[in-house]
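Novice: Kindly generate the corresponding structure for this input.
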Amino acid sequence: MGTLKTEPALDRPDLLAPPVLEALRRWSRASDVLVAPIDPALADTAAFCEAYEVGLDESANCVIVSGKREGQVRYAACLVLATTRADVNNVVRRLLDVRKASFAPMAEAVELTGMEYGGITPIGLPEGWPVLIDSRVAATANVVIGSGVRHSKIVLPGAALADLPNAQVIENLARPAG
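Specialist: As a prediction, the model looks like this:
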């Protein structure tokens, strides 16, 4: 994939956030997961894709969304291709069954996930969180996602993501960017 130098993720625990490594060790699809070191200054999607020659349509972003219902905060992870944006105000809000949904504050997302901002991934999220995957991500042969840290990226088949705990593949979870 692009110019990334990948190897089996479980062979490189130094390239994974602790919750990601723990989740991979329990996941039946772990053998499908590769990891590659990257320059952490290039972890943001546009810079990463340009530097490592990965198409935006092969790179997915994981965003943490929250909303309140009956005084309780509900969280979900949304995984969408870099060519799209999660439809937080309509689709995600309805799926979370909240009146208003928004991106979780950075400090809160980092604290709750145990991952670095800019590296948050759907693998290893807190138990019970829904993992909402846009159908375009699941249909991608191989997709690049975060690894929980900014100094690496994970590569895996898009279809494997549907096998994550609490994963739901959602048609039109995202809208085209721009």
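Novice: Which residues does stretch 42-49 contact?
Specialist: 2, 38, 41, 51-52, 54-56, 59, 61, 82, 118-119, 144, 146, 150-151, 153 (Cβ atoms under 8 Å, 6 or more residues apart in numbering). No exception for glycine: its C-beta is placed from N, CA and C like everyone else's.
Novice: Now the buried members of these.
Specialist: Listed as buried from the contacts of stretch 42-49 are 2, 38, 52, 54, 56, 59, 61, 82, 118-119, 144, 146, 150-151, 153; burial here means 16 or more other Cβ atoms under 10 Å.
Novice: By pLDDT, give me the weakest of those.
Specialist: For the buried ones among the contacts of stretch 42-49, the model is least confident at residue 118; its pLDDT is 90.
Novice: so it makes contact with residue 149?
Specialist: No. At 9.0 Å, residue 118 and residue 149 do not qualify as touching, with contact defined as Cβ atoms under 8 Å.
Novice: Now do stretch 100-114: everything it contacts.
Specialist: Contacts for stretch 100-114 (Cβ under 8 Å, 6+ apart): 17-19, 63-68, 75, 88-89, 92-93, 116-117, 120, 124-126, 148.
Novice: Next, the contact list for the residue nearest to residue 97 when sequence neighbours are not counted, please.
Specialist: Nearest residue to residue 97 in three dimensions, chain neighbours excluded: residue 69, at 6.0 Å (Cβ to Cβ, 6 or more residues apart in numbering). For residue 69, the contacting residues are 96-99, by Cβ under 8 Å, 6+ apart.
Novice: follow-up on the earlier one: which members of the contacts of stretch 100-114 occur in strands, if any?
Specialist: The strands, defined by DSSP state E, take in 63-68, 75 from the contacts of stretch 100-114.
Novice: Give the PyMOL command for selecting the buried subset of the residues you listed.
Specialist: Burial among the ones in strands among the contacts of stretch 100-114 is assessed by 16+ other Cβ under 10 Å; the matching PyMOL selection reads:
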select buried, resi 63+64+65+66+67+75
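Novice: Just flag the most distant two among the ones in strands among the contacts of stretch 100-114.
Specialist: Spanning the widest gap among the ones in strands among the contacts of stretch 100-114 are 63 and 68, at 17.7 Å by Cβ to Cβ.
Novice: circling back to that earlier point, for the residue nearest to residue 97, give me the pLDDT.
Specialist: 90.
Novice: Now do it against residue 93, distance only.
Specialist: Separation of residue 69 from residue 93 (Cβ to Cβ, to the nearest Å): 11 Å.
Novice: Residue 164 contacts residue 26, correct?
Specialist: No. Contact criterion Cβ under 8 Å: residue 164 and residue 26 do not qualify, at 11.0 Å.
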